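Trainee: fold the following and give me the result.
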Amino acid sequence: MNIVVAIDSFKGCLSSLEAGEAARNGLLARDPSAQVRVFPLADGGEGTVEALTAGLGGSIEHVTVTGPLGEPIESRYGYLPKTQTAVIEMADAAGLPMVPTEKRNPLHTTTYGVGELIRAAAHRGCRRFIIGIGGSATNDCGLGMLSALGVRFQKTDGSPAGIAGGDLRDVAVIDLAALDGAVRKATFSIACDVTNPLCGKNGCSAVYGPQKGATPEIVTRMDADIRHFAELAERATGVATMERAGAGAAGGLGFAFSAFLGGSLVPGGTLILSAIPAIREALASADLLVTGEGCMDGQSAMGKAPVAVAALAKKCRSACRTIALCGGAKRGAEAVNAAGIDAFFPILSMPMTLDEAMHPATARENLARTARQVLGLLAPCR
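Mentor: Numbers count the residues shown, from 1 in each chain. As a prediction, this is how the structure comes out:
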């Protein structure tokens, strides 16, 4: 049998490739003659940098940047030398877990560090960027990021505006002339799985502001401030993207990438798979795809990485069966069956605590054992 393994990370437990290797070991234990190829899988969120960098022969580059509260922090990006690509998770520079609960207030947080990561990679020679924008602590519409990249934002008196969400209302003039030259030459593909517009009742301030510490009063203020900023930005760039689906992602970072940097907003799973061209070739001759994730539920059917790779498998070879292995399956997980996954199998065979189940050695053993048993339905015993 020709088998392709592409499993998303079991967050907090196993990386994508670690999970894939565990499944591979189980498959080969059942059928040593099988041809099994393991590929990384991610959806643009946590684990994307590790998955693509390790799976595509890149390196992790460490950079000191400005954190969401303005303090220096250690961050990183993935560098893929063959394609001069940088892989970035914005949450590595401006993620919500970086801000203590008592300090959460989107008026005071910034994406400046995200811009510093981009600039560092661009000056390394990267001209293609894959950026996941989930998990942000910010609502600054990219003001901080763009400032780090050289865009000048001025108040009415000509002085520089600030770099945090609360400074959006002060911006009166936008000057694009000093945008970093290396960044101008780059293309940006943004992993974005939300469809919120920038402003209004479904916009970034109203929907995501509260989880970042915004009170109702702050939500009202920031929605107005962001609309003001976006109208200036659309006049400065000549690009109208305020109502574009996904413009409200990551506190308006989706808007900033679209309007200022020509970025394309793409579902995360689809974007990551496009960065791994060899997987399409492998799926064209595959008899079986083994995918999965730590927890499968109804949301898994809405563009998550396992469903994205299952859809690709069916496009490449309609006869390819797809099974998913998961740490657990919640009510509603059956929705993945209509989305291309023929069957899913939770890997726990007996009751255990969450800590026990998430121990890496236990998860590897459970993955391998379940993969071995499932393959028994599809291949002769050896």
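Trainee: for the rest of this, base every contact and every neighbour count on C-alpha atoms.
Mentor: Will do.
Trainee: can you show me the helices along the stretch 101-250 of the chain?
Mentor: Assigned by DSSP state H, counting those that start in this stretch, the stretch 101-250 of the chain shows helices spanning 112-124, 143-148, 181-184, 204-208, 216-237, 249-261.
Trainee: average pLDDT across the third one?
Mentor: Helix 181-184 shows a mean pLDDT of 96 in the predicted model.
Trainee: dump the C-alpha coordinates for that helix into PDB.
Mentor: Presented in PDB, the C-alpha positions along helix 181-184 are these (Å, rounded to 0.1, in the frame of the first residue of the first chain):
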ATOM      1  CA  GLY A 181      12.400  48.400   0.300                       C
ATOM      2  CA  ALA A 182      12.900  44.700   0.900                       C
ATOM      3  CA  VAL A 183       9.400  44.400   2.200                       C
ATOM      4  CA  ARG A 184       8.000  46.100  -0.900                       C
END
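Trainee: list the buried residues in it.
Mentor: Ala182, Val183 (16 or more other Cα atoms under 10 Å).
Trainee: show me the shaky parts of this structure.
Mentor: Across the chain, the ranges flagged by pLDDT under 70 are 379-382.
Trainee: just give me the residue right at the centre of it.
Mentor: Per Cα atoms, centre = their mean, the C-alpha nearest to the average position across the chain is that of Gly44, at 1.8 Å.
Trainee: and the gap between that one and Arg127?
Mentor: Taking Cα to Cα, to the nearest Å as the measure, Gly44 and Arg127 are separated by 19 Å.
Trainee: likewise Leu232?
Mentor: 28 Å.
Trainee: so between the two, which is more surrounded?
Mentor: Each of Leu232 and Arg127 has its neighbours counted (other Cα atoms under 10 Å); Arg127 has more, 19 against 16.
Trainee: show me what counts as buried in stretch 274-284.
Mentor: Those would be Ile276, Ile279, Arg280, Ala282, Leu283, Ala284, for stretch 274-284 by 16+ other Cα under 10 Å.
Trainee: tally of neighbours for the closest residue to the fourth one other than its chain neighbours?
Mentor: Computed as Cα to Cα, 6 or more residues apart in numbering, the closest residue to Ala282 that is not its neighbour in sequence is Val4, at 6.9 Å. The burial count assigned to Val4 is 26, neighbours taken as other Cα under 10 Å.
Trainee: now swap in Gly45 and tell me
Mentor: For Gly45, using other Cα under 10 Å, the count is 21.
Trainee: among the buried residues of stretch 274-284, name the ones in helices.
Mentor: Per DSSP state H, helices hold the following members of these: Ile279, Arg280, Ala282, Leu283.
Trainee: looking at these, which one is closest to Gly134?
Mentor: Ile279 (24.7 Å; Cα to Cα).
Trainee: what sits closest to that closest one if chain neighbours are left out?
Mentor: Leaving out its chain neighbours, the residue that sits closest to Ile279 by Cα to Cα, 6+ apart is Phe39, at 6.9 Å.
Trainee: kindly state the beta-bridge partners for that neighbour.
Mentor: Assessed by DSSP bridges, Phe39 has beta-bridge partners Ala6.
Trainee: hmm, it is touching Gly55, no?
Mentor: Yes. With contacts counted by Cα atoms under 8 Å, Phe39 reaches Gly55, the gap being 6.5 Å.
Trainee: those two: who's more crowded?
Mentor: In this view Phe39 and Gly55 are compared by other Cα under 10 Å, and Phe39 has more residues nearby, 24 against 16.
Trainee: what's near enough to touch that one?
Mentor: Val4, Val5, Ala6, Ile7, Leu17, Gly20, Gly55, Ile279 (Cα atoms under 8 Å, 6 or more residues apart in numbering).
Trainee: as JSON lines, those residues with distance to Leu325 would be great.
Mentor: Below are the contacts of Phe39 laid out as JSON lines (distance: Cα to Cα, whole Å):
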{"residue": "Val4", "distance to Leu325": "13"}
{"residue": "Val5", "distance to Leu325": "11"}
{"residue": "Ala6", "distance to Leu325": "10"}
{"residue": "Ile7", "distance to Leu325": "8"}
{"residue": "Leu17", "distance to Leu325": "14"}
{"residue": "Gly20", "distance to Leu325": "10"}
{"residue": "Gly55", "distance to Leu325": "20"}
{"residue": "Ile279", "distance to Leu325": "19"}
